[in-house]
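**Student:** I'd like to go over a predicted model; first the sequence, then the structure.
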Amino acid sequence: MNMKFKKQLILLFLLPLMAFSAHKYYLSLTQIEYNEEGKSLQVIINVFMDDIELALNKDYNIDLQLTTKKELKDSDMYFEKYLKEKLKFKHQNTDLSFNYLGKEYEGDLVYFYLEIENVSPPESLEVTNKILVKHFADQQNVVKLKVGKKRRSKILNKENDKALLKF
């Protein structure tokens, strides 16, 4: 086999592998559910761990080292700060503040748990979600709202980071 043919053969096998590993989906999911009994909105957000770690490390000039023995002890403080900057809720023209309840790691995902207290069942909810869009141009943030048996959802991105979910 001549050298040129060997190079072409190697490229033939390596290019698809490189293309596959270089391409990644940038996606988060924000699930909001109204809790009738507690008169609250319960929010679960899941994002890819490496993406959120990269964003926070760059934005706050830190080194989180998630899921390692060297993980920053106050990582929750940074997560809460980031989410309060990037995620906004509005109900009946009133800004709603949320309580950061914590996080959980599962595989390559981080789940964040939030709660908005003392809310009547929303007929509409405005959500602004700018999670990760600064760092990833292709970032998409799916927002789902469930009130009783009714469901609404929207896909947000860098150009369109606000949704009005109404019934």
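**Tutor:** Okay, I see it.
**Student:** remind me which residues of this structure are low pLDDT?
**Tutor:** Along the chain, segments meeting pLDDT under 70 span 1-23.
**Student:** and stretch 137-148, C-alpha only, in PDB?
**Tutor:** C-alpha atoms of stretch 137-148 as PDB (Å, rounded to 0.1, in the frame of the first residue of the first chain):
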ATOM      1  CA  ALA A 137     -24.400  30.000  20.400                       C
ATOM      2  CA  ASP A 138     -26.500  26.900  19.700                       C
ATOM      3  CA  GLN A 139     -27.900  26.600  23.300                       C
ATOM      4  CA  GLN A 140     -31.600  25.800  23.400                       C
ATOM      5  CA  ASN A 141     -33.500  26.100  26.700                       C
ATOM      6  CA  VAL A 142     -36.800  24.100  26.800                       C
ATOM      7  CA  VAL A 143     -39.400  25.500  29.200                       C
ATOM      8  CA  LYS A 144     -42.400  23.400  30.200                       C
ATOM      9  CA  LEU A 145     -45.200  24.600  32.500                       C
ATOM     10  CA  LYS A 146     -47.900  22.300  34.000                       C
ATOM     11  CA  VAL A 147     -50.900  23.600  35.900                       C
ATOM     12  CA  GLY A 148     -53.300  20.900  36.800                       C
END
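**Student:** quote the end-to-end distance of stretch 153-167.
**Tutor:** Taking CA to CA, to the nearest Å, the first and last residues of stretch 153-167 lie 11 Å apart.
**Student:** what's next to that stretch, contact-wise?
**Tutor:** With contact meaning CB atoms under 8 Å, 6 or more residues apart in numbering, stretch 153-167 is reached by 123-130, 133, 137-145, 147, 150, 152. C-betas here are computed from N, CA, C, even on glycine.
**Student:** sweet, I'm off.
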